[in-house]
Structure formats: structure tokens, C-alpha cells
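Trainee: Fold the stuff below for me.
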Amino acid sequence: MKVNKMMTVRALFSALVLLGFTTSCSKKSSSKNTSAATGWKINDPNGGFQYNSNFTKQETAPGLVLVEGGTFTMGKIQDDVMHDWNNTPSQQHVQSFYMDETEVTNFSYMEYLDWIKRVFPPTEENYKHIYNGALPDTLVWRNRLGYNETMTNNYLRHPAYSQYPVVGVNWIQATEYAKWRTNRVNEAILEREGYMKKGAKLVDVDANNNFDTEAYLVSPSTAFSGNDEIVLQKQMGRPAGKSAKKAKADTSATAGVDGPRNVYAQKTSGTLLPEYRLPTEAEWEYAAAADVGTREYNIYRGQKKYPWKGQYTRSGNRITRGDQLANFKQGKGDYGGIAGWSDDNADITAPVKSYKPNDFGLYDMAGNVAEWVQDVYRPIVDDEANDFNYFRGNIYTKNKIDKEGKIEFVTTETIKYDTLSNGKIIARNKPGEIAQVPVDENETYLRQNFSQSDNIGFRDGDKQSSRFYYNASDEDGGTLRDKKRMYDSPIHKVDADSTGKIERKFDKSDKRTTLVGDDVRVYKGGSWKDRAYWLDPASRRYMNQDIATDYIGFRCAMSRVGPKADFKKTPRNRKK
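Mentor: Now for the predicted structure:
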């Protein structure tokens, strides 16, 4: 009896010891600052792997709201009076992303122009085309039989129009604005977090000393010409903002308490945000429809006709009954209603947030101005090839490496300019950015998911699909570019010589059958100039990427990294 009791005690003791050991190991391996794979300490002040193990979620960038991703029916499902076969419904899924709450305003774009003018003065010969190339075309307001000089002279710059959406901006300019905004927001974040000297983004910036996000991530020590009084490292035991030189001399007893030693912000820091960009067509349509707030619509069979609930453009609410829900053209000669009681309180554009937001919290996803999206236009959305984050327009590039194996940055001498079809000269890169080149066989060899740099024409069709698809020689007048493309849109050649004189050569071929080409982009939504038909989120139109109008603006988007939503019930965290 005593033996059995003693064995029981020993067994119990062994079990407790084993349990304690297991618990100890479990705690150790689950520690945020200890690797579960090796047991090594993460963020060791003496060196080793540096990683932000306390990251919680992506910061919501200025001006954006979260659009939780999901599935939806992309394309028209009713009232297709135009019989557009380019709106065939298909089931698509988009990941969560962020989108501008409103269209980009004149005020926001003027801030961009001010920065460009200060950093790249147009009075200097090397930079004269950068500022001029960023200017919106204010002449888009002119009409041969209309007096619109007030908008031509005042719409962009006058404070009365500061909160109106910017227009006269082509697709290329909108894309460049998004790149600039990415850098300015990340620059402000680095300053806030102590990785950059306070106020440097205003005082110390010029053409040779400006911040680029991708360049910083690749080589942070060379940012601002390698000035370590501006670009700082975070070191443990010192307050943020101390220069790197002083930090290296800091050998106090407190060093090694707060975090890793001598580090710049990196991808692993989770500090910098993804890039601002134009939304894809699928993202824009999904965000505009906002099916999330209208559960009675079965998204597997269709979607709402407008960004709001109901089938009409007027409010059915008892208090606001009869009010228009968007800014659009209501009939021939009717842009705003009768004086004294205006239907939509606007004859041209309206200030942003003039109408109620949709269920995602986005304003003016119908009306006010139509909006550029990223996609190159094609008549058919190829859902057979892809139904996840659909996008046509991928051109994959990589960082340019010089003969010494170093990354090559754009300098004043290597700025690339493009001459648009209207003769306007636009800078495609700026000093401080990383020079880019197309990917080659080193990246594409034996890959299954892509095989070339330019994927705009992927699955366009075969030779039998087009009457004028050249495949033999140049005897019939076809050019090399003709042989490689499905859509035979006109190719106009516009060049500027060294004196700035524009030389225009128009394509007069009688074999052109379409305006669709690789430089034609989609724009979505109705505008102040459009009838209600175009307010449908599924409507799609196209225009050459270097053309601007008085009714097309844009808003920015940003991809979300990490989970689909900040919190979502799952089988693991759902209450039992």
C-alpha cells in the first residue's frame, strides 16, 4: 500500500515537473521577441534579426477609408439600353483596400503643384518641363458656342473652388500625383517616428535632396545625399530625433532598453505605407456599388443600380423626399434645376461631400466628375483568365543596376520626358527615384505566372481575330508595332526637337478600324455633364491616357496589407 502511494506521489511529481517544463517552453517559444523556429532573441541590441513584432494593423493613411474586400457581380445587370457588350456580367473578387473618401480636390492638387514648383523651379532649364507638365489643362472649359472663361481663369486656383474636384488632369498626371503623394505621406511618417529630422521636408528639400519611398527602402543612408543630420537612425536608449553621429557616441547604461540599435525604417518595421495609386476598375466598381450595406440584394445574381439604395435618382426619405442624390445632367439644357430651388444645387461640379456617402463612406461615387482608373481598356473583362483582383495593364520592371553592380538612381541628366499627342511634355521620372528597366529572362525563365514585362496585350486574341493583324512583312504598310498588337488604333507621332518645336505626324492609314489601343484607359462613373444612365457603377468608357476633359477627375487608392478586416468573426474567435 505504501509502495503504491509512493509511486503515485512520484508520478504526480513527475507530471507536475513535465507540465512546468512544457509551460515554460510554450511561453518561451510564444514570446514576441523570441523566435519560435530557433529560440534566438529577436531585436537583440547586440545584433541579429530586427523585426517589428508589435505590429498590430496598417495605419489608415490621410484621406482614405477602408473598403473591405469581397465578391461581387462586375458588369451591367439591368437597363443596358446602349446594348454594350463590353459590360457583360462576371463574378469577381477583390481584396480589401483603402480609397479616397472624396475625389482629389483643387486644393490638394495645388499643394502638389506648389511642391513641384519649389523643388523643380520652372525657371531652371533642367526642370522647366516638370512643373509645366504637371499643370492641369484649364482650357478644357472652353466651348465654341459657350462663355466659360470664368472657369477657365478661376476654377483651379480661386479659393471659391478649393473643395471642388480637380479636372483637366489626364491619366498620366493623375498617376504622377499618386506617386508624389506616397512620398510625402511616408516622409511625414518618418519624421513623426523619429527617422527624419523635424522640418527637413520643407527647409532642406531641393531637386537633389528629396525623399523617394522606394529609394529610401533600398538605400536609406543615401537619402538626402547621405546627410545623417536629416535621415536618422533609431537607437535604443536615446530619444527619437538625435542624429546618427551623436547616437554612435552614446554609450550610456540605458542603451539597449527600448529596441534595436542603429536602424533605419525598413519593410520589417511596418512603418512605411504602401503606395497611393489609382484604383483598378474592379476595385472602383466594387467600392461604388457598396453591396455591403444592402443585404436584400443577392450579389450572386446582381447588384444595385446606383451607389445608393433604390432604383431612382431622387431621395425617398420623408424629410428630403424629391432631392437629387447626385450631381448629373437631368435633361437637355438642365444641369442644375430651376433658380431658387435647385434640383442638385450645382450647374457644373459641386464641392466634395455635397451629397451623402455610400455604405462604404465614399462620397460622389456617382456624379460630380467621372474618374480615371488604372486599367487599359478592352471590350471584354477576361474572367476566364482571372477572377481575383482583376486588372489589365501590368508592366513589370526592376531596378536598374550599373556596371559596378550598384543601383542606379535618376539624376538631373537622366530625367526621361514624353511628348504627348497634344504636344505637352511630361516628366516620367524625377531625380532621386530608382531608374527602372523591363524585367528580362532572369525573372521570367520557367515561370508559369508571367513570361514578359509588358502584359497589356495578354490574351487579346489570335491572328484570325482581326482583319488587319499583320504577320508577314512590311510590304502591306504594316509597322513592327502593328505586328505585335491586336487592336489597330491610329499611331500618331508627336516629337519635340531641342528647341521645343513640336513636329506632328498623323497616322493617315485607311486600315485603322478602332480607337482602342494600349494607351487607352478606362474611366468610370457619371459626371455633372452626363445623364443618369452613366451613374451606374458598372458603366465603363475609355479615353486616351494623355487627354484631359472638364468632366474627368480622379481619386486614389491604397492596397491593404494583412487581414481582410480589423476584426472578423472566425471559427477560432467566435463565441461558443
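Trainee: Surely residue 533 is in a helix?
Mentor: Yes - Residue 533 sits within a helix when classified using DSSP: H, G, I helix; E, B strand; the rest coil.
Trainee: Surely it and residue 541 touch.
Mentor: No - counting by CB atoms under 8 Å, residue 541 is not a contact partner of residue 533; they are 11.2 Å apart. No exception for glycine: its C-beta is placed from N, CA and C like everyone else's.
Trainee: The two: who's more crowded?
Mentor: When residue 533 and residue 541 are compared for neighbours, residue 541 comes out ahead with 17 against 13, by other CB atoms under 10 Å.
Trainee: can you tell me the helix or strand for the more buried one?
Mentor: Using DSSP states H and E, residue 541 maps to strand 540-544.
Trainee: just residue 381 next, same as before
Mentor: Assessed by DSSP H and E, residue 381 sits outside every helix and strand.
Trainee: Contact partners for it?
Mentor: Counting by CB atoms under 8 Å, 6 or more residues apart in numbering, residue 381 makes contact with 74, 75, 88, 90, 92, 281, 390.
Trainee: end-to-end on stretch 381-400?
Mentor: Chord length of stretch 381-400, first to last residue, is 33 Å (CA to CA, to the nearest Å).
Trainee: Check stretch 266-286 too.
Mentor: 32 Å.
Trainee: Centre of the chain to that stretch, how far?
Mentor: The chain centroid and the centroid of stretch 266-286 are separated by 6 Å under CA atoms, centre = their mean, to the nearest Å.
Trainee: in it, what's buried?
Mentor: By 16 or more other CB atoms under 10 Å, the buried positions in stretch 266-286 come out as 269-286.
Trainee: how about the nearest residue to residue 176, chain neighbours excluded?
Mentor: Sequence neighbours aside, residue 134 is the residue nearest to residue 176 in space, at 6.7 Å (criterion: CB to CB, 6 or more residues apart in numbering).
Trainee: Likewise for residue 86?
Mentor: Distances taken as CB to CB, 6+ apart place residue 379 nearest to residue 86, at 4.3 Å, with adjacent residues excluded.
Trainee: That neighbour reaches residue 520, doesn't it?
Mentor: No - the criterion here is CB under 8 Å, and residue 379 misses it with residue 520 at 11.1 Å.
Trainee: ok so, going back, what strands flank the strand holding residue 541, and is each parallel or antiparallel?
Mentor: Strand 540-544 has these partner strands in its sheet, going by DSSP bridges: strand 520-524 (antiparallel).
Trainee: Quick one: mean pLDDT over the strand it pairs with.
Mentor: Throughout strand 520-524, pLDDT has a mean value of 97.
Trainee: Number the chain from 559, please
Mentor: Understood, numbering begins at 559; the last thing we discussed is strand 1078-1082.
Trainee: How is residue 931 assigned, secondary-structure-wise?
Mentor: strand.
Trainee: just to revisit the earlier point, quick one: which of residue 937 and residue 1078 has more around it?
Mentor: Between residue 937 and residue 1078, counting by other CB under 10 Å, residue 1078 is the more crowded of the two (20 against 14).
Trainee: ok, what's across the strand from the most centrally placed residue in the chain?
Mentor: Residue closest to the average C-alpha location in the chain (CA atoms, centre = their mean): residue 835, at 1.6 Å. In this entry, residue 835 is beta-bridged to residue 1115, by DSSP bridges.
Trainee: Can you name the residues that contact it?
Mentor: The contact partners of residue 835, by CB under 8 Å, 6+ apart, come to 733, 736, 932, 1114, 1115, 1116, 1117.
Trainee: Rebuild those residues as a markdown table, extending it with distance to residue 916, neighbour count and pLDDT.
Mentor: Shown next, in a markdown table, are the contacts of residue 835 (distance: CB to CB, whole Å; neighbours: other CB atoms under 10 Å; pLDDT from 0 to 100):
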| residue | distance to residue 916 | neighbour count | pLDDT |
| --- | --- | --- | --- |
| 733 | 25 | 21 | 97 |
| 736 | 22 | 20 | 98 |
| 932 | 21 | 23 | 98 |
| 1114 | 17 | 24 | 98 |
| 1115 | 15 | 24 | 98 |
| 1116 | 19 | 25 | 98 |
| 1117 | 21 | 16 | 98 |
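Trainee: tell me the contacts of the closest residue to residue 885 other than its chain neighbours?
Mentor: By the measure of CB to CB, 6+ apart, the closest residue to residue 885 outside its immediate chain neighbours is residue 925, 4.2 Å from it. Residues near residue 925 by CB under 8 Å, 6+ apart: 884, 885, 886, 902, 913, 1083, 1084, 1085, 1086, 1088, 1093.
Trainee: so what pLDDT did the third one get?
Mentor: In the prediction, the pLDDT value recorded for residue 886 is 92.
Trainee: Excluding residues flanking it in the chain, which one is nearest it?
Mentor: residue 925 (4.5 Å).
Trainee: What are the contacting residues of the helix or strand that contains residue 1001?
Mentor: According to DSSP H and E, residue 1001 maps onto helix 999-1002. Helix 999-1002 has contacts (CB under 8 Å, 6+ apart) with 954, 956, 1008, 1009, 1010.
Trainee: Could you list the buried residues of it?
Mentor: When burial is assessed from 16+ other CB under 10 Å, helix 999-1002 yields no buried residues.
Trainee: taking the mean pLDDT, what do you get for that helix?
Mentor: Regarding helix 999-1002, the rounded mean pLDDT is 94.
Trainee: Where do the strands of the stretch 959-1108 of the chain begin and end?
Mentor: With DSSP state E, counting those that start in this stretch as the criterion, the stretch 959-1108 of the chain has strands at 975-977, 983-985, 994-996, 1051-1054, 1060-1063, 1078-1082, 1098-1102.
Trainee: Touching the fourth one from outside, list them.
Mentor: Put plainly, it is strand 1051-1054. Contacts of strand 1051-1054 with the rest of the structure, by CB under 8 Å, 6+ apart, involve 977, 978, 979, 980, 981, 983, 1060, 1061, 1062, 1063, 1065.
Trainee: does the third one really touch residue 1102, like I thought?
Mentor: Yes - in terms of CB under 8 Å, residue 979 counts as a neighbour of residue 1102; the distance is 6.9 Å.
Trainee: before we move on, back to that, how about the contacts of residue 835 in JSON lines, adding distance to residue 611?
Mentor: Below are these laid out as JSON lines (distance: CB to CB, whole Å):
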{"residue": "733", "distance to residue 611": "36"}
{"residue": "736", "distance to residue 611": "31"}
{"residue": "932", "distance to residue 611": "34"}
{"residue": "1114", "distance to residue 611": "31"}
{"residue": "1115", "distance to residue 611": "29"}
{"residue": "1116", "distance to residue 611": "24"}
{"residue": "1117", "distance to residue 611": "23"}
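Trainee: what residues are up against the nearest residue to residue 684 once chain neighbours are set aside?
Mentor: Take residue 684 and drop its neighbours on the chain: the residue closest to it by CB to CB, 6+ apart is residue 970, 5.1 Å away. Listed by CB under 8 Å, 6+ apart, the contact set of residue 970 reads 684, 685, 765, 766, 989.
Trainee: now do residue 1099
Mentor: Contacts were defined as CB under 8 Å, 6+ apart; by that measure residue 1099 touches 928, 1080, 1081, 1082, 1092.
Trainee: for this protein, which spans come out with low pLDDT?
Mentor: Scanning the chain for pLDDT under 70 picks out the ranges 559-588, 637-638, 640, 793-819, 851-861, 876-877, 879-880, 1019-1043, 1056-1058, 1126-1134.
Trainee: Do a quick rundown of the helices in it.
Mentor: All helices of the chain, identified by DSSP state H, fall at 560-588, 664-677, 686-692, 707-712, 729-750, 758-761, 771-776, 802-806, 839-847, 999-1002, 1038-1042.
Trainee: now the fifth one against strand 1098-1102, angle please.
Mentor: So the one you mean is helix 729-750. Per axes from the mean of the first three to the mean of the last three CA atoms, to 10 degrees, the angle that helix 729-750 makes with strand 1098-1102 is 100 degrees.
Trainee: Kindly calculate the angle that helix 729-750 makes with helix 664-677.
Mentor: Going by the same axes, to 10 degrees, helix 729-750 makes 80 degrees with helix 664-677.
Trainee: Report all helices and strands that helix 729-750 contacts.
Mentor: helix 664-677, helix 686-692, helix 758-761, helix 771-776, strand 983-985 (3 or more CB pairs under 8 Å, 6 or more residues apart in numbering; DSSP states H and E).
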